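Colleague: Would you be able to build a 3D model of this:
(one chain, ligands or ions: 1)
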Amino acid sequence: MNKHGIYEAESKLGGVSRRDFIGKTMLAGAGITASSMILGTANNQADAQTKDSKSTNAANKNLRKLGSLEVSSIGLGCMSGSAFFYPLPGKARMISVIREAYDRGVTLFDTAELYGPFTNEELVGEAIAPFRRNIVLATKFGFNYEGGNSIGPDSRPASIRRAVEGSLRRLRTEYVDLLYQHRVDPKVPIEDVAGTVKDLISEGKVRNFGMSEPGLDTLRRAHAVQPVAALQNEYSVIERSVEQGTLDVCRELGIGLVPWAPLARGFTTGRFGEGTAFLAGDYRGGLPRMFPEAMKRNLLLIELLDRWGKAKGATPAQISLAWLLAQGPNVVPIPGSTDPWHMRENLGAADIRFSADELARFRRELEAIPVIGVRGSPGSVAQNGVEAPAKN
Ligand SMILES: NC(=O)c1ccc[n+]([C@@H]2O[C@H](COP(=O)([O-])OP(=O)(O)OC[C@H]3O[C@@H](n4cnc5c(N)ncnc54)[C@H](OP(=O)(O)O)[C@@H]3O)[C@@H](O)[C@H]2O)c1
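Modeller: Have a look, this model is predicted:
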């Protein structure tokens, strides 16, 4: 047990030594002791809590606002339950991670039509069915598909309506709490997109509007038609481009910021290194920052997180998430996890604080480390920051 009350167990993954940690506060709050965890009974207790999920969930004090939506300060990204990172966990395991996250206070669950495509929404719909009305369910539209594959952006009004009907069916719900446009469609004026979402809101099918990776003018134009509750952009200790204007616009307009890939797709947890080989088909194998030479040099960042973690009694993953939370009360990261131990570890970040001095020192140390490699593949980078055409 370290000074932050964290139980640790050594494990090996991908050839790189790492530690799995459980936040004692999370265990205590859930009525689970470290000794029961050691004896392997925690999962049974967590299962038992799923049956009485309201009581434990209601106890969550770490709440934040995305626009007017109240959510847990840390959400759960559900994408890798069905897509992109391999091996996939299997449906039963991901459903149990989602239900346990709810029991531990998580009320923001993130999916998208694109994940699978379609299968992640089906999985999430089944997982959240017992507590659907107590959570904020977020999904995304914005692509069209052929033969089960996305063939490009599509936010034409009729396509948005088609997507939403499908999402409602797969998610087993009558409404989506937070509906994001996944990427800006360079062919469709954003006024038409925001206007369609506004209509869906008045029809009761959608409750809040969100956007992901738009150009900033487009964000402002959309917000003028239908207030945007949340912006979902990539943001982590290694990917800080939102700090070049986007965060300021969010603060100015009262928009929440939901960092996706808040753990840089697992990199900032310290689990990967230059010897890591991703399985065939794992999306990360094609990302320049995950190429062996880049990882080798970017490991300086892991050393920083590890050092701060040791000083604050936390893991690199927890420092990564706590630092994001410290960037403003409107920031709500959605770490993705298919592993109950990781999910519990990540939720422990909500209890870690940085003083103003620590934040300034962390920033100085962070900015002294060069980041090697761009964040995405050329195709995905080209879809970020797109401005929608003007409405004639
Ligand atoms: N708007 C967009 O365009 C967009 C794009 C991508 C993703 N997203 C959303 O954002 C969510 C999060 O992003 P992401 O999943 O791409 O990246 P992420 O949250 O930065 O990282 C997820 C990866 O980190 C690993 N991980 C998580 N916690 C860990 C821990 N404590 N220790 C070790 N490894 C850990 C996970 O593995 P395990 O499963 O083994 O825990 C997984 O491989 C997604 O689920 C999705 O909902 C949105």
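Colleague: Only C-alpha atoms from now on, for both contacts and neighbour counts.
Modeller: Fine.
Colleague: Touching, residue 217 and residue 387? I think so.
Modeller: Yes - applying Cα atoms under 8 Å as the test, residue 217 and residue 387 come out as touching, 6.8 Å apart.
Colleague: Compare these two (neighbour count), which wins?
Modeller: For residue 217 versus residue 387, neighbours defined as other Cα atoms under 10 Å are more numerous around residue 387 (20 against 15).
Colleague: Can you name the residues bridging to the residue of the stretch 1-150 of the chain at minimum distance from the ligand?
Modeller: The nearest approach of the stretch 1-150 of the chain to the ligand comes at residue 77, 3.1 Å away (Cα to the nearest ligand atom). Counting by DSSP bridges, residue 77 is bridged to residue 110, residue 336.
Colleague: list the contacts for it?
Modeller: 109-111, 260, 334-337 (Cα atoms under 8 Å, 6 or more residues apart in numbering).
Colleague: contacts with the ligand among those residues, please.
Modeller: Checked against the ligand using Cα under 6 Å from any ligand atom, the contacts of residue 77 yield the following neighbours: 110-111, 260, 334-337.
Colleague: Among the residues you listed, the buried ones, what's the PyMOL command?
Modeller: Restricted to buried positions by 16 or more other Cα atoms under 10 Å, the PyMOL selection for the ones next to the ligand among the contacts of residue 77 reads:
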select buried, resi 110+111+260+334+335+336+337
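Colleague: Same list (the ones next to the ligand among the contacts of residue 77) but as JSON lines, adding pLDDT.
Modeller: Output for the ones next to the ligand among the contacts of residue 77, formatted as JSON lines (pLDDT from 0 to 100):
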{"residue": "110", "pLDDT": "99"}
{"residue": "111", "pLDDT": "98"}
{"residue": "260", "pLDDT": "98"}
{"residue": "334", "pLDDT": "98"}
{"residue": "335", "pLDDT": "98"}
{"residue": "336", "pLDDT": "98"}
{"residue": "337", "pLDDT": "98"}
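Colleague: Could you tell me how far residue 375 is located from residue 317?
Modeller: Look at residue 375 and residue 317: by Cα to Cα, to the nearest Å, they are 19 Å apart.
Colleague: Who has more neighbours out of those two?
Modeller: residue 317 (30 against 18).
Colleague: For that one, which three-state class applies?
Modeller: helix (DSSP: H, G, I helix; E, B strand; the rest coil).
Colleague: Now for the closest residue to it other than its chain neighbours: which residues touch it?
Modeller: Nearest non-adjacent residue to residue 317, counting by Cα to Cα, 6 or more residues apart in numbering: residue 269, 4.4 Å away. Applying Cα under 8 Å, 6+ apart to residue 269 gives the contacts 263, 302, 315-317, 320.
Colleague: of those, buried ones?
Modeller: When the contacts of residue 269 are checked against 16+ other Cα under 10 Å, the ones flagged as buried are 263, 302, 315-317, 320.
Colleague: Make TSV from those and add pLDDT to it.
Modeller: Formatted as TSV, the buried ones among the contacts of residue 269 follow (pLDDT from 0 to 100):
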residue	pLDDT
263	98
302	97
315	98
316	98
317	98
320	98
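Colleague: Can you tell me which of those residues is closest to the ligand?
Modeller: residue 263 (3.2 Å).
Colleague: Quick check: the closest one touching residue 321?
Modeller: Yes - Residue 263 is within contact range of residue 321, at 7.3 Å (criterion: Cα under 8 Å).
Colleague: which neighbours do those two share?
Modeller: residue 236.
Colleague: The buried ones among the contacts of residue 269: which ones sit near the ligand?
Modeller: Counting by Cα under 6 Å from any ligand atom, the members of those near the ligand are 263, 317.
Colleague: Pull up the residues of the stretch 1-150 of the chain that are close to the ligand.
Modeller: Going by Cα under 6 Å from any ligand atom, the residues of the stretch 1-150 of the chain near the ligand are 77-80, 110-111.
Colleague: and the residues you listed, which two are the farthest apart?
Modeller: Across those, the longest distance by Cα to Cα is 10.8 Å; it joins 80 and 110.
Colleague: and the nearest residue to residue 66 once chain neighbours are set aside, backbone torsions?
Modeller: Residue nearest to residue 66 in three dimensions, not counting chain neighbours: residue 256, with 4.1 Å by Cα to Cα, 6+ apart. Here is the backbone geometry of residue 256 (degrees, to the nearest 10): phi -80, psi 150.
Colleague: if I pick residue 256, what's in contact with it?
Modeller: 65-67, 229-231, 250, 330-332.
Colleague: closest to the ligand among the residues you listed?
Modeller: residue 231 (8.7 Å).
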